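Engineer: For reference, the sequence and a predicted model appear below.
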Amino acid sequence: MHQDIERVLFSEDAIRARTRALGEAIAKAHPEGDLVLVALLKGSVLFYADLIRAIDRQIGVEFAWASSYGDGTSSSGTVELKVFPDEDLRGKTVVVVDDILDTGRTLASVKARLLAEHPDAEVRTCVLLDKRARRAVELDADYVGFEVEDVFVVGYGLDFAGRYRNLPYIGVLKPHCYEGGEEGD
Ligand code: 5GP
Ligand code: MG
C-alpha cells in the first residue's frame, strides 16, 4: 500500500467485480439503439476503460471535461465545462460516466448541457462512487458502483492535486497529505 494511504476502501478485485456487473447491467438495459458512453475527464478514465470493456455490444466512445474549482477537498460549485462530444447525439442514449458523485453539481451541469444541445437524446448517468451525504442538488445516478462515506478518497482515477490517480485501488488519504494542496477534476 502507498505510504500516503490511511486505509483501502475498495480493492482492485472489488472494483473489477462491481465494474463488470455495471457494464452488464448497462448492456442489458439498453439492448437496442445507439448507445454512447461519455467519459468525464480526467477522473473517470480508469473506471471508463474497464466499464466499456464489460459492455458487450456496439457503443460510441466520447469525452468531456468538467472541472469544479474549489479549495482543497471540496468543490466551489462553479463548474466549468470544457469539452463536449462533437458526435450527433440525436435520438441516441447517452451514458455520462464519472468517478464520483459528490455535491451532484458536475453531473447536473453536464446533463443539462447535453439535453440543451441534444434535446431528444436520452441521458443517463453512471458513477463508480456515490457520496450521498454531500449532495447539494437533487440528482441520483442511474448506475452506481458503491456508496461511499463522507471521506476524501483517491486512486483508480481519483486524484489529489493531480496525484494518486494511478493507484489500482481506492483509499482514504492520510489527512496530513491534503494540507495546502488543490484537488483536480
Ligand atoms: P460534484 O460536482 O458532484 O460535487 O463533484 C464531483 C467531482 O468532485 C468528482 O468528479 C471529483 O473530481 C471531485 N470529488 C468529489 N469527492 C471526491 C473525493 O472524495 N476524492 C476526489 N479525489 N475527488 C472528489
Ligand atoms: Mg472529476
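Structural biologist: Everything's here; your move. All figures in this text were calculated on a predicted structure; none of them were measured in a lab. Numbers count the residues shown, from 1 in each chain. Ligands and ions are numbered 1, 2, ... in the order given.
Engineer: Report the helix or strand with the lowest average pLDDT across this protein.
Structural biologist: None of the helices or strands of the chain scores lower by mean pLDDT, DSSP states H and E than strand 78-83, at a mean of 73.
Engineer: near ligand 2, anything from that one?
Structural biologist: No - Strand 78-83 stays clear of ligand 2 (Cβ under 5 Å from the ion), getting no nearer than 10.2 Å. In this view, the C-beta of every residue, glycine as well, is placed from N, C-alpha and C.
Engineer: begin at 497 from here
Structural biologist: Taking 497 as the first residue, the last one we looked at is strand 574-579.
Engineer: is any part of the following helix or strand past that strand close to ligand 1?
Structural biologist: Reading on from strand 574-579 to the C-terminus, the next helix or strand found by DSSP states H and E is strand 589-597. Yes - with Cβ under 6 Å from any ligand atom as the measure, strand 589-597 is seen reaching ligand 1 through 594-597.
Engineer: Pull the most distant pair out of the residues you listed.
Structural biologist: Asp595 and Leu597 (8.8 Å; Cβ to Cβ).
Engineer: Show me where the protein has its helices.
Structural biologist: Listed in chain order, the helices of the chain (DSSP state H) span 508-525, 541-549, 601-613.
Engineer: would you turn those helices into a markdown table with mean neighbour count?
Structural biologist: Below are these laid out as a markdown table (neighbours: other Cβ atoms under 10 Å):
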| stretch | mean neighbour count |
| --- | --- |
| helix 508-525 | 16 |
| helix 541-549 | 19 |
| helix 601-613 | 18 |
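Engineer: Select from those helices the stretch with the lowest mean pLDDT.
Structural biologist: Within the helices of the chain, confidence is poorest for helix 601-613, with a mean of 90 (mean pLDDT).
Engineer: so what secondary structure elements neighbour that helix?
Structural biologist: The elements that helix 601-613 packs onto, with contact taken as 3 or more Cβ pairs under 8 Å, 6 or more residues apart in numbering; DSSP states H and E, are strand 531-537, strand 556-565, strand 574-579, strand 589-597, strand 618-626.
Engineer: what comes into contact with it?
Structural biologist: Contact partners of helix 601-613, identified using Cβ atoms under 8 Å, 6 or more residues apart in numbering, comprise 534, 536, 560, 562, 564, 571, 573, 575, 577, 580, 585, 590, 592, 594, 597, 617, 619, 621, 623, 632-633, 635, 637.
Engineer: and those residues, which are buried?
Structural biologist: If you count burial by 16 or more other Cβ atoms under 10 Å, the buried members of the contacts of helix 601-613 come out as 534, 536, 560, 562, 564, 571, 575, 577, 580, 585, 590, 592, 594, 597, 617, 619, 621, 623, 637.
Engineer: ok so, going back, of all the helices of the chain, which one comes closest to Asn662?
Structural biologist: That would be helix 541-549 among the helices of the chain, by Cβ to Cβ, at 7.9 Å.
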